[in-house]
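Participant: Here is a sequence with its predicted model. Questions after.
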Amino acid sequence: MAVIEALDLCRTYRTTTGVLRRKRLEIEAVRGISFAVEEGELFGLLGPNGAGKTTTIKMLITLLLPSSGAARVLGLDVVADATELRQRIGYVFGGDRGLYERLSAHDNLRYFAELYGVAGKEQRRRIDEVLELVGLKGRERERVEGYSRGMRQRLHIARGILHDPQVVFLDEPTIGVDPVGARELRDTIGNLVASGKTVLLTTHYMFEADALCDRIAIIANGVIVGHGTPAELKASVGQGGVTEIEVFGVDDPIVERIRAIDGVTAVTVEEREQAQMLVVQTAFARELTQPVLAELNGVQVGRVTSREPTLEDAYVALVTTP
Amino acid sequence: MRTRARRLGGVLLLGLRVHFKMLSRSPFDLWVVVASPLIFATLAHFLFADDRGQKMLVAALASGVMGIWSSTTASGAGALQMQRRLGVLELLVASPMPFWSVLLPISVAISAIGIYSLAVGLVYVRLFFGIAITIHSWAAFAVAVPATIGAIGSLGFLFASALVRFRSASMVGNLFEWPVWMLCGLLIPVSVLPGWLQPVSWVFAPTWGMAALRNATLGTGHPWADIGMCAALAAVYLVAGALSLRLFLDAARARATLSLAS
């Protein structure tokens, strides 16, 4: 049974610009998104900044009204049954904010336990449990302002699951967290799923999505451009491969010429200190290294390597396809 | 699960405690409420050189109410913006509790730190100017203090609800600081205001809070009636604020304005 269902979900933002001559603008942040998440699943929403991931989550957690379409979580409508739904879901977002810094972690959790109706007698036990789960036991009496970013993020997760919600929405929970802290957070997220919760996760980090998610939907410009298991998405890049070429001073016209080569599906350029890394994806089992190198005539070329496609390659191919 | 009434009571009381604790750890908020009674009580000492008994005592009380009001105008009108800046506004709105029950304790806590003003004002005139703190009716005084704080906090709640659409709500709140001091008998008696202006002072809770404290202290007038007016005005502010807030939240869900930074 689907625990989260989005049916042709749309959200348009209306804004105005100018002072004397006010001009109305409409921005379609989400344009007809549909997907379903099964019970106990960890479902990932991936996409570049401004793709519509957070807008989608905010509609699902009742903070935003959809412009059209419908969404149900645990069988409850996100518009009509908002109050009942809020009791049964948890929401965690990434970043430094979202906590009362001058209070201790315990005070923060106690306050949110009360807001979410955790009974007085149960609060102590539940707070101890979530502190244990996120690895903050023993530090709960310290003020949050002294916490590291990773500790704050773990406290966010503790807050989000205090009332034992059936569904947890995690909006970029590891953003800005150092690698060790991010790994601990991923373990915590894994524990949530192991304990039977359904999790919807948005993230920018491909390896994180690859390691954690059962299924993934990739959003670009407000629409889903690909979905499936991580293995299915990698396979969708095709039978071809990825060629990485270290270059020095490649410019846009050359990149456009490479992009126009028959069989090339995506080209990206990553800045690496003095050098750049040209990543060329091909759709078919064709050897395109020579034609690509021919287009780089006159550009200093360093190391050239070929490899199998990763989830990141699938993501890049999907979000850069016009 | 607990009954709805118990949950509401728990959220109101714990919210008040948590936010009072947090504000008490804010050097800025404490500075506002602790410094102002020292200044006003000192001014009163020189102004009332001829009668340093009752007038100085009333001045100390007034400086306390001024502190409560200053805190309300400085922070109360922008209470929602403060939650926005902390990044907790969306989390509070996303909770299953009605939002008025979340915002009201924040507004009352902001006013409640004015209790430090009252305490500092009274201790200051006692220690430095030797004014005897004689309270005619301790029972009325003990009720008048929370009634004043509750009513002024409810007015802050109304301001916060009504001004929530404006990013500079706290600046608008500051506009009310001095006029209310003048209107509500904190600097000058209401009776010396022009006749047409006196009814305006009646709609502001500080007028009745100050009257209740003064009458309970001096044994004049009807402090319990003043306390009743505080309660009645608080009820009006609460209903108006809750309605305003509901309209705002519906609009915010439709327009996506909750998370905008102030």
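Facilitator: On my side now, so go ahead.

Participant: tally of neighbours for the residue in chain A positioned nearest to chain B?
Facilitator: Of all residues in chain A, A:Arg97 sits closest to chain B, at 2.6 Å by C-beta to the nearest C-beta. For every residue, glycine as well, the C-beta is placed using N, CA and C. Using other C-beta atoms under 10 Å in any protein chain shown, the number of residues around A:Arg97 comes to 17.

Participant: isn't A:Leu278 right up against A:Ile258?
Facilitator: Yes. In terms of C-beta atoms under 8 Å, A:Leu278 counts as a neighbour of A:Ile258; the distance is 7.5 Å.

Participant: which residues do the two both contact?
Facilitator: A:267, A:292, A:296 (C-beta atoms under 8 Å, 6 or more residues apart in numbering or on different chains).

Participant: Could you dump those into TSV and include neighbour count, secondary structure and distance to chain B?
Facilitator: Output for the shared contacts of A:Leu278 and A:Ile258, formatted as TSV (neighbours: other C-beta atoms under 10 Å in any protein chain shown; DSSP: H, G, I helix; E, B strand; the rest coil; distance: C-beta to the nearest C-beta, whole Å):
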residue	neighbour count	secondary structure	distance to chain B
A:Val267	20	strand	35
A:Val292	21	helix	44
A:Leu296	18	coil	45
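
Participant: any idea which of those residues is the one closest to B:Leu91?
Facilitator: Nearest to B:Leu91, judged by C-beta to C-beta, of these is A:Val267 at 41.5 Å.

Participant: With adjacent residues omitted, what lies nearest to that closest one?
Facilitator: Spatial nearest neighbour of A:Val267, chain neighbours left out: A:Arg259 (4.7 Å); criterion: C-beta to C-beta, 6 or more residues apart in numbering or on different chains.

Participant: how about A:Gly40, secondary structure?
Facilitator: Recorded secondary structure, A:Gly40: coil (DSSP: H, G, I helix; E, B strand; the rest coil).

Participant: What are the neighbouring residues in contact with it?
Facilitator: With C-beta under 8 Å, 6+ apart, A:Gly40 has these contacts: A:193, A:196-198.

Participant: of those residues, buried ones?
Facilitator: Among those, those buried by neighbour count (16 or more other C-beta atoms under 10 Å in any protein chain shown) are A:193, A:197-198.

Participant: Among those residues, name the least confidently predicted one.
Facilitator: Minimum pLDDT across the buried ones among the contacts of A:Gly40 is recorded for A:Val193, with 88.

Participant: right, and A:Leu25 touches A:Thr16 too?
Facilitator: Yes. With contact defined as C-beta under 8 Å, A:Leu25 and A:Thr16 form a contacting pair (6.8 Å).

Participant: Among the contacts of A:Gly40, which ones are in strands?
Facilitator: A:Thr198 (DSSP state E).

Participant: Setting the sequence-adjacent residues aside, check what's closest to the closest residue to chain A within the stretch 1-150 of chain B.
Facilitator: Going by C-beta to the nearest C-beta, chain A is nearest to B:Gly87 of the stretch 1-150 of chain B, at 2.6 Å. Among residues not flanking B:Gly87 along the chain, A:Arg97 sits closest, at 2.6 Å (C-beta to C-beta, 6+ apart).

Participant: List the residues that contact that neighbour.
Facilitator: A:Arg97 touches B:86-88, counting by C-beta under 8 Å, 6+ apart.

Participant: how far out from the middle of the chain is stretch A:23-31?
Facilitator: 22 Å (C-alpha atoms, centre = their mean, to the nearest Å).

Participant: Tell me which residues touch the residue of the stretch 1-150 of chain B closest to chain A, please.
Facilitator: By C-beta under 8 Å, 6+ apart, the contact set of B:Gly87 is A:95-99.

Participant: Fine by me, we can end here.
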